[in-house]
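> fold the following for me, if possible:
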Amino acid sequence: MTQKPIKRILSQKSFKLILPLRRYPEEAITLSCYKFLDNFYFKFSGNGQKIAVAVFARQSDQPVNKKKFERDFYTELNHNLVRLAVAKENKKLREMIVFKTFFSALPEKEKEQAVSGSVQKDLKFEDPLGIAVPWEEKYGPKKSAKKSGQKAKK
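This is a model prediction of the structure:
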């Protein structure tokens with residue numbers, strides 16, 4: 001289970017969250033803060049191992065429910081950790097899809113110039129489960145053989 005952020009109260013309208021960078025990447029922290037920008041200001045400081053996020057309420061006349069904010073922030077932080085992990089795992093696939101999309105939009109002359117040894121290597125990918133086989137290659141010949149055999153019997 002992930003550990004909760006350490007909280008230090010600065011005043012009734014502000015407080016500070018101290019987060020370890022080895023556990024929470026900077027990108028996940030800033031993405032989490034972005035969700036709360038409508039109601040809070042954020043100030044970041046850190047020493048390389050930990051990052052301190054000072055949270056200030058935008059509306060100074062209303063009290064801040066620090067426990068609710070901490071719970072919501074922690075939930076958003078975990079969502080962003082998962083999103084970043086999934087994005088990292090799918091990076092190669094996304095790049096290949098975008099490449100193929102833009103490559104198919106090129107005129108034929110430019111396609112021929114663009115295709116080189118390195119580009120052809122990028123277009124090839126491993127398919128250990130054999131799911132990238134076109135339907136015609138996988139099922140086409142068997143059906144045509146059956147149909148031709150049935151026609152011969154009639």
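> domains in this structure, by residue range?
Using automatic domain parsing, the domains assigned to the chain come out as 6-89, 92-139.
> just for the chain, where's the confidence low?
The model of the chain has pLDDT under 70 over residues 1-12, 109-125, 141-154.
> all strands for it, in order.
Here the chain has its strands, by DSSP state E, at 6-9, 14-20, 40-46, 50-57.
> out of the ones you listed, which comes closest to residue 30?
Of all these, strand 40-46 sits nearest to residue 30, with 7.8 Å by CB to CB. C-beta: built from backbone N, CA, C; applies to glycine.
> specify the angle between that closest one and strand 50-57 in degrees.
160 degrees (axes from the mean of the first three to the mean of the last three CA atoms, to 10 degrees).
> need the contact list for residue 24.
Applying CB atoms under 8 Å, 6 or more residues apart in numbering to residue 24 gives the contacts 51, 77, 81.
> which helix in this structure runs the most residues?
helix 66-89 (DSSP state H).
> may I see the buried residues of that helix?
For helix 66-89, burial by neighbour count (16 or more other CB atoms under 10 Å) applies to 69-70, 73-74, 76-77, 80-81.
> point out the most buried one among the domains of the chain.
domain 6-89 (a mean of 14; mean count of other CB atoms under 10 Å).
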